[in-house]
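*Asks:* Build the 3D model from these lines:
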Amino acid sequence: MEPSTSSNPTDTSNFVEITMDVHEVVPPPHMSTVKRVKTKFKETFFPDDPIRQFKGQPLNKKFILGAQYFFPILQWLPNYSFELFKCDLIAGLTIASLAIPQGISYAKLASLPPIIGLYSSFVPPLVYVVLGSSRDLAVGPVSIASLVLGSMLAEEVSPKTQLALFIQLAFTSTFFAGIFQAALGILRLGFIIDFLSKAILIGFMAGAAIIVSLQQLKSLLGITHFTKEMSIIPVMRSVFDHIDEWSWETIVMGVFFLGILLLARHITIKKPELFWVSAGAPLACVIISTILSFVIKGEHHGISIIGKLEQGINPITAKMLLFHGNYLGLTIKTGIVTGILSLTEGIAVGRTFAALRNYKVDGNKEMIAIGLMNVVGSTTSCYVTTGSFSRSAVNHNAGARTVMSNVVMSMTVMVTLLFLMPLFRYTPNVVLGAIIITAVIGLIDISAAYLIWKIDKFDFIVLLTAFFGVIFLSVQYGLALAVGLSIFRILLQITRPKTVMLGNIPETNIYRDLHHYKEAIRVPGFLILSIEAPINFANITYLHERILRWIEEEEEDEEEEDTRTENFGLRYVILEMSAVGSIDTSGVSLFKELKVALKMKGVELVLVNPLAEVIAKLKKDDEANDFIRADYLFLTVGEAVAALLSTMRSQSPSMDEVLHTIVTE
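*Replies:* Down below sits the predicted model:
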C-alpha cells in the first residue's frame, strides 16, 4: 500500500504513514533434516545443478549426456567439419611456433633440461583435448609455475650437481599438483583458489615477472656463476660481483634480439590483427640466432649454447616418481603451490576467452582436466602445465574454432622432437633469456594496479605485499604473505560486521543510512540499526558491545534534548536483518542476551525481515513464545515504525505534539 503524504513538512507523517498495512512474518515451511542438509549441500557444492539435464530423459539419452559431461570432446567432435579443421590447423601451427621456443625457455627457467619443456608441450595438450571445456585454451608450460617449481626445489636440491634427483622431484611435484587439482574438481572445492584474489595475482605476477627478468641477466650478460636465490638483492649482488664474466658478444646479441622481440610485441599491441608478428618472432629469433651462432662458432666467443638435445618422443617416467624418503614433504608442498598457481591461471585464461566468444567454461571440469593432464604428464617426462595466456591469446586471434588446435600444436611438437632437435644444438641461451623476458613483461599490469588503488586501498596494500614480498623475500613467501593479509581482512569482516544507523527519508516510508543520505532523519523514540553480515560465534561479542554502545549514545543524546522531550526517551531498538543470511547457535543467544539487557532499560527489541534460516532457528529456540513475539516482528522498517508509532500514540496522546516540536526545531 502506497503511503499518503502531507504537504506540511512538520507533519508527523514525514516519518511514516501510520495507516499502512502490516504484514506478518512467518517461519519457512517445515523441511526435514535430511532434505535441509541435501539442499544446503547442493547449493554449496553444485550451484550449477549438473543433474538437471538428465531429468525426464530416456536411459540411452542419459548415457549419452553423461558421457558428454565427463568427456567434452564428445559434444563437438560428432559435428566437426573440414572447414573447422582448416581454422584449427592455422591456429595450431601458429601457436606451435610460439610453444617450441617457449617450451625450451621455460624448462630452463625451471632449471630443467630444455627437452622436458618440449615434452611438456606434446602429451598434456592431447589429454586436455579429451577432457577440457575451453575452445581457446592453449596448453603447455608457463613462466610462473616454472619459476616457482624450480625455485622451491632448488632450495634443497641443486639442479647442477644433483640433476637426476632434481628431475625426479620435478616429476613427482607435478604428480601431486595434478592429484590436488583433480581432487578440487572432483570434490567441487574450486572456491579454495578464490583466495588468490585479483589484487594478489596482479602483485604476485608483477613481482615474479621482475624476478624472472632479473634472473635472465645471467644469460644476457654471459655470466657462468650465478646465485640460486630468487630475491632481488642476491640477484643484483651476483650480477655485479661477476663483472669479470660479462661477455660483450653475448650482451650485443642479447640486446639485439630482445629489441626485436619487444618491437614485435609492441606492433601486436598497437595492431592486434598483426598477432602473427609477436607469435612468430620467438621462433624466428631462435632460427636466426642459431644460424648466426653456428656460422661464427659462438661457443668459441663466449656465447653459451643449448648443446646437444635428445631426439624422440616422451619416455615413460612413472618409475621415477618418489613417494617416500626425505623429499616427500618438499614435493607435496611444491605440488600444491604450483598446482594452485597453474590452476588459477588456466581457469582465468579459459574464462576470459569464453566470455569473448560467449560460451561457458565449467570450472570444475577444467580442474579435473588440468589435474589429469598433469598426472599423465608426470608419468611421461612432463612437468607442471596449464593454459598459457600468451599462447591462448595467439590461438584465439589466429581463429581457432575448437580445442583441436592443441592437437595440431602437439603433432607439430612431436615432429620437432622426432626430426628437428639437432637444429637447436647451436641455439644461444641468451636468445632463450630474451624470449622469457618478453613473455613475462606482459604480466606487469600497471593500469590494473592503478585501478585497484582507486577502488580499494586495502586491496592495493595486498597487491604491494605480494609484489615486494616476491621481490625481496621469495616467490612462495611473497604469495603466502599476501594470502595471509587477505585472509586477515576476511576475518576482520567476519568478526567486525558492519552496522549502520538508519533514518527516515522525509515524505516516504524508506529508511537509509544516516551517514550516507544526509536528508534522512532519526525517528524519536527509535534506534534503527542495520546488521549487514551473517551472525555467528565469531562476531556476537562485537555485535553485542556495538549495539549496546549505540543505545548508550542514543540515551545520552536523549538526555541532551530539550525538557519538552524529557519523558519521551528511547522505546524501541529495531534491527534490520535483510543482510543476515545465516546464524548459528551462538548468534541465537545474542538476541536473548540483548532482549534481557534492553528489558532492564525499558526498551523493546524489534526484528525486521529475518530471513528463513534466521527466523526458523530463532523460533526453535523460543518454545515459550516470550522471546520472539509476533508483534515485534515486521517485514519492513516502515511497517515496524508505523505500527509501533501507532502504539506509542495510543499510550501517549502528546506524541503528535512532541514529534511536531522536534521536526520544527
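*Asks:* Surely residue 506 is in contact with residue 517?
*Replies:* No. Checked against C-beta atoms under 8 Å, the pair residue 506 and residue 517 is beyond contact range at 10.5 Å. C-beta: built from backbone N, CA, C; applies to glycine.
*Asks:* Identify the contacts common to the two.
*Replies:* Residues touching both residue 506 and residue 517 (C-beta atoms under 8 Å, 6 or more residues apart in numbering): there are none.
*Asks:* and the nearest residue in space to residue 637 that is not next to it in sequence, what are its phi and psi?
*Replies:* Distances taken as C-beta to C-beta, 6 or more residues apart in numbering put residue 511 closest to residue 637, at 4.3 Å, once the chain neighbours are dropped. Per-residue torsions, residue 511: phi -120, psi 130 (degrees, to the nearest 10).
*Asks:* For burial, what's the neighbour tally of residue 511?
*Replies:* 27 (other C-beta atoms under 10 Å).
*Asks:* residues contacting it?
*Replies:* So residue 511 contacts 502, 503, 504, 505, 520, 528, 576, 637, 638, 641 (C-beta under 8 Å, 6+ apart).
*Asks:* Restricted to strands, list those residues.
*Replies:* Secondary structure from DSSP state E places 502, 503, 504, 528, 576 of these in strands.
*Asks:* Take those residues and write them to TSV, including distance to residue 596.
*Replies:* Compiled in TSV, those are given as follows (distance: C-beta to C-beta, whole Å):
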residue	distance to residue 596
502	24
503	27
504	29
528	21
576	21
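*Asks:* Of those residues, which qualify as buried by neighbour count?
*Replies:* Buried members of those, counted by 16 or more other C-beta atoms under 10 Å: 502, 503, 504, 528, 576.
*Asks:* want to throw these into CSV with distance to residue 310 and pLDDT?
*Replies:* Below are these laid out as CSV (distance: C-beta to C-beta, whole Å; pLDDT from 0 to 100):
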residue, distance to residue 310, pLDDT
502, 72, 91
503, 76, 90
504, 79, 89
528, 75, 91
576, 70, 91
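*Asks:* residues touching the residue positioned nearest the centre of the chain, list them.
*Replies:* When C-alpha atoms, centre = their mean is applied to the chain, the residue found nearest the centroid is residue 194 (3.8 Å). Shown in contact with residue 194 (C-beta under 8 Å, 6+ apart): no residues.
*Asks:* repeat that with 10 Å
*Replies:* Neighbouring residues of residue 194 by C-beta atoms under 10 Å, 6 or more residues apart in numbering: residue 344.
*Asks:* repeat for the one 5 residues further on
*Replies:* By C-beta under 10 Å, 6+ apart, the contact set of residue 199 is 448-449, 452-453, 455-456, 458-467, 482, 485-486.
*Asks:* please redo it, this time with the cut-off set to 6 Å
*Replies:* 452, 459, 462, 463 (C-beta atoms under 6 Å, 6 or more residues apart in numbering).
*Asks:* just checking, the last one touches residue 201?
*Replies:* Looking back up the chat, that one is residue 463. No. If you go by C-beta atoms under 6 Å, residue 463 and residue 201 don't touch, sitting 9.0 Å apart.
*Asks:* who's more crowded, the two?
*Replies:* More crowded of residue 463 and residue 201, by other C-beta under 10 Å: residue 463, with 26 against 22.
*Asks:* neighbours around the closest residue to that one other than its chain neighbours, how many?
*Replies:* By the measure of C-beta to C-beta, 6+ apart, the closest residue to residue 463 outside its immediate chain neighbours is residue 203, 3.7 Å from it. Using other C-beta under 10 Å, residue 203 has 30 neighbouring residues.
*Asks:* Quick check: buried residues in whichever helix or strand residue 203 is part of?
*Replies:* For residue 203, the host element (DSSP states H and E) is helix 198-215. Residues of helix 198-215 classed as buried under the neighbour-count rule (16+ other C-beta under 10 Å) are 199-215.
*Asks:* Next, the buried residues of the biggest helix by length in the chain.
*Replies:* In the chain, assigned by DSSP state H, the helix with the most residues is helix 328-357. Residues 330-332, 334-347, 349-354 are the ones in helix 328-357 that count as buried (16+ other C-beta under 10 Å).
*Asks:* Output the contacting helices and strands for it.
*Replies:* If contacts are counted by 3 or more C-beta pairs under 6 Å, 6 or more residues apart in numbering; DSSP states H and E, helix 328-357 sits against helix 143-154, helix 163-186, helix 363-378, strand 386-387, helix 389-397.
*Asks:* if we can go back for a sec, so who does the residue nearest to residue 463 touch?
*Replies:* Residue 203 neighbours (C-beta under 6 Å, 6+ apart): 463, 466, 467.
*Asks:* correct me, but the last one touches residue 206?
*Replies:* Think residue 467. Yes. Using C-beta under 6 Å, residue 467 and residue 206 qualify as a contacting pair, with a distance of 5.4 Å.
*Asks:* Next, residue 383: phi, psi?
*Replies:* phi -110, psi -180.
*Asks:* tally of neighbours for it?
*Replies:* With other C-beta under 10 Å as criterion, residue 383 counts 28.
*Asks:* ditto for the one 4 residues further on
*Replies:* Neighbouring residues of residue 387 were enumerated by other C-beta under 10 Å; the total is 31.
*Asks:* My read is that it contacts residue 347, right?
*Replies:* No. Counting by C-beta under 6 Å, residue 387 stays clear of residue 347, with 7.9 Å between them.
*Asks:* isn't residue 350 right up against residue 361?
*Replies:* Yes. The pair residue 350 / residue 361 is scored as a contact, 4.6 Å apart, by C-beta under 6 Å.
*Asks:* so what's in contact with these two at the same time?
*Replies:* residue 134.
*Asks:* List the residue ranges of the stretch 1-150 of the chain that fall below the pLDDT cut-off.
*Replies:* Applying pLDDT under 70 to the stretch 1-150 of the chain flags the ranges 1-21, 26-27, 42-49.
*Asks:* all helices for it, in order.
*Replies:* For the stretch 1-150 of the chain, applying DSSP state H, counting those that start in this stretch gives helices covering 33-45, 59-70, 73-76, 82-109, 114-119, 123-131, 143-154.
*Asks:* Those helices: which one's closest to residue 222?
*Replies:* For those, the distance to residue 222 is smallest for helix 82-109, at 14.9 Å, taking C-beta to C-beta.
*Asks:* which secondary structure elements does the closest one contact?
*Replies:* For helix 82-109, the packing partners by 3+ C-beta pairs under 6 Å, 6+ apart come out as helix 114-119, helix 143-154, helix 275-296, helix 389-397, helix 404-415, helix 429-441.
*Asks:* go again using 7 Å as the cut-off
*Replies:* Applying 3 or more C-beta pairs under 7 Å, 6 or more residues apart in numbering; DSSP states H and E, we find helix 82-109 packed against helix 114-119, strand 139-140, helix 143-154, helix 275-296, helix 389-397, helix 404-415, helix 429-441.
*Asks:* got CSV for those, with distance to residue 628 too?
*Replies:* Shown next, in CSV, are the helices and strands packed on helix 82-109 (distance: least, C-beta to C-beta, whole Å):
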stretch, distance to residue 628
helix 114-119, 65
strand 139-140, 57
helix 143-154, 53
helix 275-296, 64
helix 389-397, 54
helix 404-415, 60
helix 429-441, 59
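*Asks:* who's in contact with residue 346?
*Replies:* 137, 366, 370, 386, 387 (C-beta atoms under 7 Å, 6 or more residues apart in numbering).
*Asks:* To clarify, my last question referred to residue 24.
*Replies:* Residues in contact with residue 24 (C-beta under 7 Å, 6+ apart) are residue 630.
*Asks:* what do you get for residue 483?
*Replies:* By C-beta under 7 Å, 6+ apart, the neighbours of residue 483 are 195, 196, 200.
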